[in-house]
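Enquirer: here is my input, please return the structure:
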Amino acid sequence: IEGKPQTAPAGRACITQKDIDDDTKALPRPEGACKLSNVQRTPERATYDLACTKDTLLMRGRAEVTFGSESYDGKVNLLVTDKNNVGLPIAMTLSAKRVGECTK
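Expert: Down below sits the predicted model:
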């Protein structure tokens, strides 16, 4: 915000092997309704474009994720546009690691 880095709270999600085997289901994305396109995925890496809406905001951008055996790291560059068509660029980095079995 105003050029200063922000930290988001850590979250947890249950990702099953079926989710991982799907080319797009386990790929990180912002909250809201998102559509992924131009997905290029290998066992080590994924890149994709995304377009998401949440309330009156439209978020468009590109993501790159590098997979480890029990983790992933990535970066997302977005342009967030409000209902007045005012855009704000946002760059995010993300990191995730396996912490245990799913308890679904």
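Enquirer: can you give me the helices in this protein?
Expert: In the chain, the helices defined using DSSP state H lie at 17-21.
Enquirer: got a pLDDT number for the residue in it sticking out farthest from the centre?
Expert: No residue in the chain sits farther from the centre than N84, which is 24.8 Å out by Cα atoms, centre = their mean. With respect to pLDDT, N84 scores 87.
Enquirer: that one and L58, how far apart?
Expert: Distance, N84 to L58, using Cβ to Cβ, to the nearest Å: 12 Å. C-beta: built from backbone N, CA, C; applies to glycine.
Enquirer: and for K97?
Expert: 31 Å.
Enquirer: who's more crowded, the two?
Expert: L58 (17 against 9; other Cβ atoms under 10 Å).
Enquirer: so what's the more buried one bridging to?
Expert: T53, T81 (DSSP bridges).
Enquirer: hmm, L27 and D19 touching each other?
Expert: No. The pair D19 / L27 is not scored as a contact, 9.8 Å apart, by Cβ atoms under 8 Å.
Enquirer: those two: who's more crowded?
Expert: L27 (20 against 14).
Enquirer: residues contacting that one?
Expert: Applying Cβ atoms under 8 Å, 6 or more residues apart in numbering to L27 gives the contacts 36, 39, 46, 48, 63, 65.
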